[in-house]
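Chemist: Using only what follows, build the 3D model:
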Amino acid sequence: MTAYAELAVTTNFSFLRGASHPEELVVQAKALGLAALGVADRNSVAGVVRAHEAAKEHGVRLAVGARLVFADGTPDILAYPRDRAAWGRLTRLLTLGKRRAGKGECTLHLDDLITSAEGFNLIILAEERCGTVRSPSCAGSTRASIAGRAVSRKGWMAGSSPAMTERNGGGQAMRHGALLSSLRDAGARVWLGATMRRHGDDARRLARLAALAAETRTPLIAVGDVLYHVPERRPLHDVITCVREHTTLDAAGRLLAPNAERHLKSPDETARLFRAAPEAVAQTLVFLENCRFSLDALAYDYPDEVREGFKTPQDALIAFTEEGAARRYPDGVPPKVRHALDHEYALIGTLSYAPYFLTVHDIVRFARSRGILCQGRGSAANSAVCYCLGITEVDPARSDLLFERFVSAERREPPDIDVDFEHERREEVIQYIYNRYGRARAGLAATVICYRGRSAMRDVGKVFGLTEDVIGSLAGTLWGFSREALSSEHAARAGCDPADPRLASALALARELTGFPRHLSQHVGGFVITRGRLDELVPIENAAMEDRTVIEWDKDDLDTLKILKIDVLALGMLTCLRRALDFLQTHYGESFCGRAPAFPLPARGVALSRDKRVARLE
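Modeler: Predicted coordinates for the structure are as follows:
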């Protein structure tokens, strides 16, 4: 049996381009017997953690990288880091492109890659077309930019007719050779990618690429340029292409791919397609020989400056906690609290979580220094350390706390401390974090915005050319992520004809689209702060809000990789309390020193016992 690794896979985290989830692609790769799967989304690594988790579950070898799409006419290049250092250069490269562009965009130039290419395995997709037969990977530029991109690539195969290639073959080889040479000189290993899409000119294109590879002494490598895991997903790919291009299926024309060949193929099928160049298939295994980087190599290090002169973070944590305990218990720390503190010190030290607690303490201390009301909540309220540090307000002397609900050696789950701040002043805290740690070391976590039933029905309905009243009737009564609601029965209840084939197709595709990622947004307040450069761990991009920057991974990705986040949240009621306290200060001279007043617990208990309603209080 032929061995083959598919190294050009686009997932649906190349938003509105890929038509399969990372998990679906991994499962299909396992079923087809592929030697490995290479996930390279468009100027992004947003989907690689999910692919990584699925690959570990199913025993599939995974290579993680990115498809670099350039603004200067350079052909798309698949970039795979060979080691941890190269991964850091890749994420910094993507950060550079994203920070110089608006939200969701990335502006890269060839020079950017050349300065970062050391340790990369690169596949140049030199035959990528952006002209008359437009590749979906190039789609996403608007119609007005198609011609511009085609012209900018005139020196490449994409912009040359077969006759021109015949006449100018030597010059073209020289231009390609210059690019390949510059990338090799920068420390990269380079391959020339070849695809077989059954467009009718595959044999001729393959011969041209083989000749170019020979002239430039560059190995030819087979890639499928995959956009979905099975051919049956092609109709959905047509739909998302139309959504991206703001057109309908009837008007899309040649914006759509001519066939369903952009799916994962078995090694044997790939060998048949490349029977004229079997060495191109074999090169996929050569490519992987020194491309061993895995996301398991990523290690999260806490900020170090929170030690504030102490020998170790653990020493600093104990010192600050004991200082806080003396303030909380001026008559001496009760034995119950002392036992809890000693137990927590030991567990925090064993798990090396002291820097995390110190970072939260630093943020809370800043807020209090500015008179910003704040308070921790959730499972962190089970911690005597958090109480003594002033993060939470649940007194362990008066409560029976179970610290393992918050931090457990058995679960090995990272702690998660949620801290609420006055909503009108939280931005001061956010900007303090950026200023203290720097934009290269701190960023908000992402949130993946996915299609729900209503938004899926609206987008698919527009693509199918359904009228606004029909779309409104179908989408208006949908809620959440339920696919079952998008049924013929639902259409009938909405007053539509479920026997209409166009409507039936729209409903089926809306069901498929439900749950697909649509774009990245920012988490409500989850911050990731690192000791080293955060942008060497994950790319950072601009948020829609001014002066906010966001990483590409969401909270689930962070949990998978054991990366800690700190939730800096906004609570309107704290703003109300602040105004009430200011009123008391102004009119009655009562001061509470930056904290809400602590009312006696029995009084609250009596007040609650008189209420006839049932509620959950946290």
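
Chemist: where's the closest residue to A222 other than its chain neighbours, which helix or strand?
Modeler: Among residues not flanking A222 along the chain, A280 sits closest, at 4.1 Å (Cβ to Cβ, 6 or more residues apart in numbering). Using the backbone N, CA and C atoms, a C-beta is placed for each residue, glycine as well. Applying DSSP states H and E as the criterion places A280 in helix 278-289.

Chemist: Next: R518.
Modeler: Residue-wise, R518 maps onto strand 517-529 under DSSP H and E.

Chemist: just checking, what packs against that strand?
Modeler: helix 426-437, strand 442-450, strand 549-554, helix 555-560, strand 566-571 (3 or more Cβ pairs under 8 Å, 6 or more residues apart in numbering; DSSP states H and E).

Chemist: Buried ones in the second one, by neighbour count?
Modeler: Just to be clear, that refers to strand 442-450. The neighbour-count criterion (16 or more other Cβ atoms under 10 Å) identifies A442, G443, L444, A445, A446, T447, V448, C450 as the buried residues of strand 442-450.

Chemist: quick one: strands adjacent to it?
Modeler: In its sheet, strand 442-450 lies beside strand 517-529 (antiparallel), strand 549-554 (parallel), with partners assigned from DSSP bridges.

Chemist: most packed of those strands?
Modeler: strand 549-554 (a mean of 25; mean count of other Cβ atoms under 10 Å).

Chemist: And the furthest pair within the buried residues of strand 442-450?
Modeler: Taking Cβ to Cβ, the two most distant members of these are A442 and C450; they sit 26.2 Å apart.

Chemist: the strands in the stretch 1-150 of the chain, which residues?
Modeler: 5-9, 36-42, 62-68, 77-81, 120-124 (DSSP state E, counting those that start in this stretch).

Chemist: Mean neighbour count, the ones you listed: which tops it?
Modeler: Buried most deeply of those, by mean count of other Cβ under 10 Å, is strand 5-9, with a mean of 28.

Chemist: Only the C-alpha atoms, please, for it, written as CSV.
Modeler: Extracted C-alpha coordinates of strand 5-9, given in CSV (Å, rounded to 0.1, in the frame of the first residue of the first chain):
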residue,chain,number,x,y,z
ALA,A,5,0.5,12.3,4.2
GLU,A,6,-1.9,15.1,3.3
LEU,A,7,-0.2,18.3,4.2
ALA,A,8,-2.5,21.0,2.8
VAL,A,9,-5.7,20.9,4.9
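
Chemist: and the angle from that strand to strand 36-42?
Modeler: 10 degrees (axes from the mean of the first three to the mean of the last three Cα atoms, to 10 degrees).

Chemist: Y80 against R67, yeah?
Modeler: No. Applying Cβ atoms under 8 Å, one finds Y80 not in contact with R67, separated by 10.4 Å.

Chemist: What are the boundaries of the strands in the stretch 251-400 of the chain?
Modeler: 374-377.

Chemist: mind listing the helices for it?
Modeler: Assigned by DSSP state H, counting those that start in this stretch, the stretch 251-400 of the chain shows helices spanning 267-273, 278-289, 313-328, 335-351, 354-369, 384-388.

Chemist: In stretch 240-250, which residues are buried?
Modeler: Buried-residue list, stretch 240-250, by 16+ other Cβ under 10 Å: I240, T241, C242, V243, R244, E245, T247, L249.

Chemist: Kindly present the residues you listed as JSON lines, with separate columns for distance to V364.
Modeler: As requested, the buried residues of stretch 240-250 are exported to JSON lines (distance: Cβ to Cβ, whole Å):
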{"residue": "I240", "distance to V364": "44"}
{"residue": "T241", "distance to V364": "48"}
{"residue": "C242", "distance to V364": "49"}
{"residue": "V243", "distance to V364": "44"}
{"residue": "R244", "distance to V364": "44"}
{"residue": "E245", "distance to V364": "48"}
{"residue": "T247", "distance to V364": "51"}
{"residue": "L249", "distance to V364": "54"}
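
Chemist: biggest separation within those, which pair?
Modeler: R244 and L249 (13.0 Å).

Chemist: Please list all residues in contact with the nearest residue to W87 once chain neighbours are set aside.
Modeler: Excluding the flanking residues, the one nearest W87 by Cβ to Cβ, 6+ apart is P81, at 4.2 Å. By Cβ atoms under 8 Å, 6 or more residues apart in numbering, the contact list for P81 reads V64, G65, W87, R89, L90, G119, F120, N121, C291, F293.

Chemist: any idea how far the last one is from E245?
Modeler: When you say that, I think you mean F293. Going from F293 to E245 by Cβ to Cβ, to the nearest Å gives 35 Å.

Chemist: where's A207 relative to A276, distance?
Modeler: For A207, the distance to A276 - Cβ to Cβ - is 8 Å.

Chemist: one step back: out of the buried residues of stretch 240-250, name the ones that lie in helices.
Modeler: I240, T241, C242, V243, R244, E245, L249 (DSSP state H).

Chemist: any idea which of the residues you listed is closest to G572?
Modeler: Checking those one by one against G572 (Cβ to Cβ), the nearest turns out to be V243, at 35.6 Å.

Chemist: didn't D418 look like it was pressed against G376?
Modeler: Yes. Counting by Cβ under 8 Å, D418 touches G376, with 6.5 Å between them.

Chemist: Would you mind telling me which of these two has more residues around it?
Modeler: In this view D418 and G376 are compared by other Cβ atoms under 10 Å, and G376 has more residues nearby, 24 against 20.

Chemist: Next up, the contacts around that one.
Modeler: Here G376 is in contact with V360, V364, C386, I391, T392, E393, I417, D418, V419, D420 (Cβ under 8 Å, 6+ apart).

Chemist: Likewise for S591?
Modeler: So S591 contacts Q585 (Cβ under 8 Å, 6+ apart).

Chemist: ok, back up a step: let me have the contacts of P81 in CSV, adding pLDDT and distance to T216 as columns.
Modeler: Shown next, in CSV, are the contacts of P81 (pLDDT from 0 to 100; distance: Cβ to Cβ, whole Å):
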residue, pLDDT, distance to T216
V64, 99, 27
G65, 99, 22
W87, 98, 27
R89, 98, 24
L90, 99, 24
G119, 97, 21
F120, 98, 18
N121, 98, 17
C291, 93, 21
F293, 97, 26
